[in-house]
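1. A predicted structure for the sequence below; I have some questions about it.
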Amino acid sequence: MNILNDKKNNLLKRREVQFILESDSNLGYENCKKAAISHFKIPETNVVVKSVKNNFGSKEFVCKVFIYDSEQDKHKIEPKVKAKKKAQSGEKK
C-alpha cells in the first residue's frame, strides 16, 4: 500500500486518505475497505470507500477512503441509503 494523500478534516471529523493498491483482478469496494481497516487498524463501522479507480491494463488501483472519528459522526455526514420500493406486477402498463 502506497499512501498518496492523507488529510485530517476537523470540521467533518474525518480523515481523508487516498492510496494505491496492486491487484491482478478487479479490486472492488469491499477489498479496498478491508485493506484500509487492516492498515490503519480502525473499526469497520467508521470507514466509507468513496472511489476505486484504475487505468485500463494497469494493476494499480487508486482508492479514496474516508475514516470517521466515530460511527455517530459518520451517520451525521454520510447520505442515507433509500430503500427501493417493490413494484407490483399489475401497476405499470
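-> Sure thing, it's come through. Numbers count the residues shown, from 1 in each chain.

2. after the biggest helix by length in the chain, which helix or strand is next?
-> Taking DSSP state H as the assignment, the helix of the chain that covers the most residues is helix 28-40. Beyond helix 28-40 in the direction of the C-terminus, DSSP states H and E gives the next helix or strand as strand 47-54.

3. averaged pLDDT, that next one. What do you get?
-> Rounded to a whole number, the mean pLDDT of strand 47-54 is 94.

4. what lies in contact with it?
-> Counting contacts by CB atoms under 8 Å, 6 or more residues apart in numbering, the residues outside strand 47-54 that touch it are 26-29, 32-33, 36-37, 60-68, 74, 78. (Glycine included, C-beta is placed from N, CA and C.)

5. which helix or strand contains residue 20?
-> Assigned by DSSP H and E, residue 20 belongs to strand 14-22.

6. buried residues in that strand?
-> Buried positions in strand 14-22, judged by neighbour count with 16 or more other CB atoms under 10 Å: 14-15, 17-19, 21.

7. now tell me what touches the longest helix of the chain from outside.
-> Counting by CB under 8 Å, 6+ apart, helix 28-40 makes contact with 1, 17, 19, 21, 23, 42-44, 47, 49, 52, 61, 63, 65, 67, all of which sit outside it.

8. list just the nearest of these to residue 83.
-> Within the set of the contacts of helix 28-40, residue 49 lies nearest residue 83; the separation is 21.0 Å, counting by CB to CB.

9. now the lowest-mean-pLDDT helix or strand in the chain: how far from the chain's centre is it?
-> Considering only helices and strands, the least confidently modelled element of the chain by mean pLDDT, DSSP states H and E is helix 71-77, at a mean of 90. Distance, stretch centre to chain centre, for helix 71-77: 14 Å (CA atoms, centre = their mean, to the nearest Å).
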